[in-house]
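>>> generate coordinates for the sequence data below:
(2 chains)
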There are 2 protein chains.
Amino acid sequence: MRVCLTVAYDGTNYHGWQFQPNGITIESVLNQALSDLLGEEITVIGASRTDSGVHSLGNVAVFDTNSKIPAEKISYALNQRIPEDIVIQNSREVAADFHPRHVQSKKTYEYRILNRRFPDPTRRKNTYFYHHALDVQNMQKAAKYFMGEHDFKSFCSVHTTVETTVRTIHKLEVSKEKDVICIRITGSGFLYNMVRIIAGTLILAGSGAILPDEIPQILEKRNRGAAGPTAPAKGLTMIGIEFLEEEGQK
Amino acid sequence: MRVCLTVAYDGTNYHGWQFQPNGITIESVLNQALSDLLGEEITVIGASRTDSGVHSLGNVAVFDTNSKIPAEKISYALNQRIPEDIVIQNSREVAADFHPRHVQSKKTYEYRILNRRFPDPTRRKNTYFYHHALDVQNMQKAAKYFMGEHDFKSFCSVHTTVETTVRTIHKLEVSKEKDVICIRITGSGFLYNMVRIIAGTLILAGSGAILPDEIPQILEKRNRGAAGPTAPAKGLTMIGIEFLEEEGQK
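Reported below is the predicted structural model:
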């Protein structure tokens, strides 16, 4: 059977999701623990290959197994075998051909900025501390220009190798609660570093370094140098994925 | 001059506030860093000697120095010399006889319970994960009985050695936002483990193990065994202290 996991993690201590020859990753921890648990070699396929330091509440991974353990029990058994900074939130059986990167989906990410005079040590690992005042209204104005379908070539790492840099953003909200500014973004998919570069550019708009109305020009330039810096990984959390086609759950 | 610091910390990696022969404490880190910075032996006096694993956004400490560094600059210089899990939020000169434990004050603590099906690894260090459903209304009903002046002998560690176990609670609010139940308590002072035992007892009321109306009897018994368990340290944060007499700020 094919089993689908919802995976939450504190990314602080990992070299991202994807297997690497050096450095421990979320994927390698899951492969090892699942192989031990199920007594066969397991290789998970992740929906979102998050970067080093990025967190997750709802990343998704699938794997195939011959095990007779009911799929919904695997979350509990697996949580006993993995470190406390990774927690499986759910496990369920899906159709044998369900692939979390090939099915159309909406992914939601949150970028959180701690905007106050001094850092708060209790929130240092899942917010980006930014000392200067940020104008949330200007960030909201700038955010509107990202909505819909655009070529996001200015908003992806120069190392990206993809067929097209056109993506669709369904939702992009900037809100402030107490001293945390939260950028919440939902899209059909994101290019490498795209959310962090959008966050870095919205911070420029909030600080007054650029005007909100400059966003369309930055998009048009199709040049990474035109956009703002890549905001630090620690502020980013993968919130969840909504699959638009049936998962074929049995 | 006497300098007053507002000290925030993630208590996860410390053996509490107070100096101990074995194990690193917040106090020992501050003493060491201040002595290095100011070139004289410095000993801080803390307002709230928080336990191992307890966090702070606004604990207060004072120390005396012959330094000519302006008091308000000390926070910046000190933050360069201490680990990232301790951050001085403010430094200021106070009257030479200001003692943060002898002056009347109101202290505020927050106890945060993460009430959901599975743990959230990104919040595992500053919330107490509690799996079973909690009835917030029952917790609020129980909370009302703690308000005002009471003998809190049932709500302090049996190891406490104090003249009187009578304390006054000015405010005790239980609120829920998404999956976090927050117990916010303000009082004239707290006995050893008192906030954590009140939290543990409110959790009993929320889970249905006791009725809210049983709180008065538990108080009357003046017996630690009558109250609930001591909730884990990681859920507790010292929010801040309001001094009711003048700090004698110059």
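>>> my guess is A:R92 contacts A:K73. True?
No - contact criterion C-beta atoms under 8 Å: A:R92 and A:K73 do not qualify, at 10.6 Å. C-beta coordinates here come from the backbone N, C-alpha and C atoms, glycine included.
>>> and those two? Which one has more around it.
Just comparing A:R92 and A:K73: by other C-beta atoms under 10 Å in any protein chain shown the higher neighbour count belongs to A:R92, 16 against 10.
>>> got the contact list for the more buried one?
Going by C-beta atoms under 8 Å, 6 or more residues apart in numbering or on different chains, A:R92 touches A:V3, A:C4, A:A71, A:E72, A:Q249.
>>> show me which of those residues neighbour chain B.
Near chain B, judged by C-beta under 8 Å from any C-beta of the partner chain, there are no entries from the contacts of A:R92.
>>> which of these fall within strands?
Applying DSSP state E to the contacts of A:R92, the entries found in strands are A:V3, A:C4.
>>> now the contacts of A:R92 in JSON lines, with pLDDT and neighbour count?
Shown next, in JSON lines, are these (pLDDT from 0 to 100; neighbours: other C-beta atoms under 10 Å in any protein chain shown):
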{"residue": "A:V3", "pLDDT": "98", "neighbour count": "25"}
{"residue": "A:C4", "pLDDT": "97", "neighbour count": "24"}
{"residue": "A:A71", "pLDDT": "97", "neighbour count": "20"}
{"residue": "A:E72", "pLDDT": "97", "neighbour count": "12"}
{"residue": "A:Q249", "pLDDT": "51", "neighbour count": "11"}
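>>> residues in chain A within reach of chain B, list them.
Checking chain A against chain B by C-beta under 8 Å from any C-beta, the hits are A:8-10, A:55, A:57, A:75, A:79, A:84-90, A:117-122, A:124-126, A:237.
>>> the contacts of A:R92 into a markdown table, with extra columns for distance to B:A142?
Listed next are these as a markdown table, based on distance: C-beta to C-beta, whole Å:
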| residue | distance to B:A142 |
| --- | --- |
| A:V3 | 42 |
| A:C4 | 41 |
| A:A71 | 40 |
| A:E72 | 35 |
| A:Q249 | 41 |
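>>> below-threshold pLDDT in chain A: ranges please.
Low-confidence segments of chain A (pLDDT under 70): A:246-250.
>>> which residue ranges of it form strands?
Secondary structure of chain A by DSSP E: the strands cover A:2-9, A:45-46, A:55-64, A:86-94, A:105-115, A:128-130, A:148-151, A:166-177, A:180-187, A:236-243.
>>> now distance to B:A226 too, for these, in TSV please.
Listed next are the strands of chain A as TSV, based on distance: least, C-beta to C-beta, whole Å:
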stretch	distance to B:A226
strand A:2-9	38
strand A:45-46	51
strand A:55-64	39
strand A:86-94	35
strand A:105-115	42
strand A:128-130	44
strand A:148-151	62
strand A:166-177	39
strand A:180-187	40
strand A:236-243	42
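>>> these: which one's closest to A:F19?
strand A:45-46 (9.8 Å; C-beta to C-beta).
>>> how far does that closest one sit from its chain's centre?
In terms of C-alpha atoms, centre = their mean, to the nearest Å, the centre of strand A:45-46 is set 13 Å apart from its chain centre.
>>> show me the contacts for A:R117.
With C-beta under 8 Å, 6+ apart, A:R117 has these contacts: A:H131, B:Q89.
>>> let me redo that: A:P212
A:N138, A:M139, A:K141, A:A142, A:K144, A:Y145, A:A205.
>>> among these, name the buried ones.
A:N138, A:M139, A:K141, A:A142, A:Y145, A:A205 (16 or more other C-beta atoms under 10 Å in any protein chain shown).
>>> thinking again about what came up before, buried ones only from the residues of chain A next to chain B, please, as a ChimeraX command.
A single ChimeraX command suffices to select whichever of the residues of chain A next to chain B are buried according to 16+ other C-beta under 10 Å:
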select /A:8,9,10,55,57,75,79,85,86,87,88,89,90,118,119,120,121,122,124,125,126,237
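>>> re earlier: I'd like the buried ones among the contacts of A:P212 laid out as TSV, including distance to B:S67.
As requested, the buried ones among the contacts of A:P212 are arranged in TSV below (distance: C-beta to C-beta, whole Å):
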residue	distance to B:S67
A:N138	42
A:M139	41
A:K141	47
A:A142	45
A:Y145	51
A:A205	42
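>>> on that earlier part again, ok, of the contacts of A:R92, which one's closest to chain B?
A:E72 (12.2 Å; C-beta to the nearest C-beta).
>>> so the closest one makes contact with A:Q89?
No - using C-beta under 8 Å, A:E72 is not in contact with A:Q89; the gap is 12.0 Å.
>>> returning to what we had before: which of the buried ones among the contacts of A:P212 lies closest to chain B?
A:M139 (22.9 Å).
>>> tell me the contacts of the closest one?
Shown in contact with A:M139 (C-beta under 8 Å, 6+ apart): A:V174, A:I181, A:I183, A:L202, A:I203, A:A205, A:G206, A:P212.
>>> so the first one bridges to which residues?
Meaning A:V174. A:I183 (DSSP bridges).
>>> verify the stated contact: it with A:F146.
No - A:V174 lies out of contact with A:F146 (C-beta under 8 Å); the separation is 10.6 Å.
>>> before we move on, the earlier item: kindly compare burial across the strands of chain A and name the winner.
Comparing the strands of chain A by mean neighbour count (mean count of other C-beta atoms under 10 Å in any protein chain shown), strand A:2-9 comes out on top with a mean of 24.
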